[in-house]
Structures are given as structure tokens and as C-alpha cells.
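>>> Sharing a model prediction with you, sequence too.
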Amino acid sequence: MWAIPIESSFTGSLASKVSEHFEVFKEYTMSESELFYLSSLHLNNISIEEPLRASYRAKALLRILNGILLLTDNYVLAFDVENISFINHKGEWIT
């Protein structure tokens, strides 16, 4: 599964909402601060050997999501697809 770090003032509330296309989840750092990540079922079929393809698709998905958010709430997500990570089936992060 590919995951992209995201930031916004409302990311915590977005993490509680479930969608079939987007998932926002959080991880805690060693200092107990929260980091939020976006994943999507549309990224699941991209192998670990194709990080460039995953980052292009993630960028397109985030632009779609930001467009929807602008239409409904006037919020946008800040993201950096250069920091895209792969999480294997054991839950191990591979950057």
C-alpha cells in the first residue's frame, strides 16, 4: 500500500471519515505527535518497484480530493508526493 504524508488544519477530522476511494490514517511519532497519511485503493495495484508511477497517480488523486474539498469546505490538503512510502503487508514502512 502506498501512503503520502498530508497536512491541514482539519486532517484529524478527515481521518475519521471513511471513503471507498480515499483513506486518511495517522501514525504517532516517538514524541507522541500525530502524522497523517493518505492512501487509496487506486494506489494498491502499483508495485513497490514503481514509485514514480505511484507518485504521479497519488498527485492526481490528491488534486481531485483538494478540488472536492474546495467545493465543499474551502480547505485544502498540503502534500509532498516526493515523500511517498510503501507499507508492506506486515505493516513495515519502505521509503
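All right, it came through fine.
>>> how about R53, what does it touch?
I46 (C-beta atoms under 8 Å, 6 or more residues apart in numbering). (Each C-beta comes from the backbone N, C-alpha and C, glycine too.)
>>> now it: how far from I84?
R53 sits 10 Å away from I84, taking C-beta to C-beta, to the nearest Å as the criterion.
>>> Repeat that for L61.
As defined by C-beta to C-beta, L61 lies at a distance of 11 Å from I84.
>>> ok, now I6?
On the measure of C-beta to C-beta, I6 and I84 end up 11 Å apart.
>>> Give me the most central residue, the protein.
Nearest residue to the geometric centre of the chain (C-alpha atoms, centre = their mean): L38, 1.6 Å.
>>> now the helix or strand harbouring that one, how far from the centre of its chain.
L38 belongs to strand 34-39 when assigned by DSSP states H and E. Remark: strand 34-39 is offset 6 Å from the chain centroid, using C-alpha atoms, centre = their mean, to the nearest Å.
>>> for stretch 53-65, same thing?
Computed by C-alpha atoms, centre = their mean, the chain-centroid distance of stretch 53-65 equals 9 Å.
>>> buried stuff in that stretch?
54-55, 57-58, 61-62, 65 (16 or more other C-beta atoms under 10 Å).
>>> So in this protein, which helix runs the longest?
In the chain, assigned by DSSP state H, the helix with the most residues is helix 51-72.
>>> Can you give me the neighbour number for the closest residue to L61 other than its chain neighbours?
Nearest residue to L61, sequence neighbours excluded (C-beta to C-beta, 6 or more residues apart in numbering): S40, at 5.4 Å. By the criterion of other C-beta atoms under 10 Å, S40 has 21 neighbours.
>>> hmm, back to that, got the buried residues for the strand holding L38?
Going by neighbour count (16+ other C-beta under 10 Å), the buried part of strand 34-39 is 36-39.
>>> Identify the neighbouring strands of that strand in the sheet and state each direction.
Strand 34-39 has its sheet partners listed here by DSSP bridges as strand 2-7 (antiparallel), strand 23-28 (antiparallel).
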